[in-house]
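Participant: Sequence and predicted model, in that order:
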Amino acid sequence: MPMSTAIAHWPADAAPRRAAASGFSFPGAGLTLLPVNEAAPATAPHPDPSDEALMLAWADGDPAAFEPLYARHRLRLYRYLLRQLRDGALADELFQDVWQKVIAARAGWTPGATFATWLYRIAHNRLADHWRALQHRPPAPVDADERTARVPDPDTPERRLSEFEQRRQLQRALDDLPPEQREVIVLRLEQELTLEEIGEVTGVGRETVKSRLRYAMDKLRAHLGSEVAP
């Protein structure tokens, strides 16, 4: 199974507990974030505005512009956090923290970088704060594979056992990577950011991103076999 396909099919639609219980509301903002596991509303058939256009409209006082922006990025952001943390409760907490920071900083956003780059930079920094506070990265829970594999995927409701095992193998291979290599793999293949965007998110140069990505792919190929896509 190609690497990119395996990652794209990772079960990711795990709702933050508090959001699932009561929605994700911000007093005075006139906004409500849908729970992560709730289907996004149907979109109109005409071309959708870009993330940047929505962000500008929202920052300019149009609260309705936030809803499609959140709908586009909620699953990928949650998946990114879950990949790094391997703990649903922590992913829930940081997911909400990131969106709180996005909402607080929206007025100062400028289209110098894509919205996705800005969003994942906030998430990257929030993860760094989390690890810094702990002073170390604790091991994943012993049942982390089972927990993460049980997260439902709304795009593929019927999952075969072989796919479940492929996901387990993939996550174990990712767990064996150094954190900085794991992050560039997830941002490149799962979030589909460019090398330049990953550099902006992680705070390193393009060549460093390229080197980390190459080493990570070599290790994944060694772990999973030749079916891993370049």
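Facilitator: On my side now, so go ahead.
Participant: Do a quick rundown of the helices in the chain.
Facilitator: Secondary structure of the chain (DSSP state H): helices located at 3-8, 17-22, 51-59, 66-85, 88-105, 115-134, 144-149, 161-175, 179-185, 195-202, 206-224.
Participant: Isn't A65 up against E52?
Facilitator: No - using C-beta atoms under 8 Å, A65 is not in contact with E52, being 11.0 Å away. For glycine as for every other residue, the C-beta is placed from the backbone atoms N, C-alpha and C.
Participant: Could you dump the helices of the chain into CSV with mean pLDDT and mean neighbour count added?
Facilitator: What follows is those, written out as CSV (pLDDT from 0 to 100; neighbours: other C-beta atoms under 10 Å):
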stretch, mean pLDDT, mean neighbour count
helix 3-8, 40, 18
helix 17-22, 42, 14
helix 51-59, 92, 19
helix 66-85, 91, 22
helix 88-105, 92, 18
helix 115-134, 90, 17
helix 144-149, 57, 17
helix 161-175, 68, 16
helix 179-185, 86, 20
helix 195-202, 89, 20
helix 206-224, 84, 17
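Participant: show me what contacts the residue nearest to R76 when sequence neighbours are not counted?
Facilitator: Leaving aside its chain neighbours, R76 sits nearest to Q191 (5.6 Å; criterion: C-beta to C-beta, 6 or more residues apart in numbering). For Q191, the contacting residues are R76, Y80, A116, Y120, taking C-beta atoms under 8 Å, 6 or more residues apart in numbering as the criterion.
Participant: So of those residues, which two are at opposite extremes in space?
Facilitator: Of all pairs drawn from the contacts of Q191, the greatest distance, 10.7 Å, lies between Y80 and A116 (C-beta to C-beta).
Participant: My read is that L94 contacts L85, right?
Facilitator: Yes - here L94 reaches L85: they are 7.0 Å apart, a contact under C-beta under 8 Å.
Participant: Between the two, which contacts overlap?
Facilitator: Common neighbours of L94 and L85 (criterion: C-beta under 8 Å, 6+ apart): L127, H130.
Participant: and R206, how far is that from R212?
Facilitator: Spatial separation of R206 from R212 under the definition C-beta to C-beta, to the nearest Å is 11 Å.
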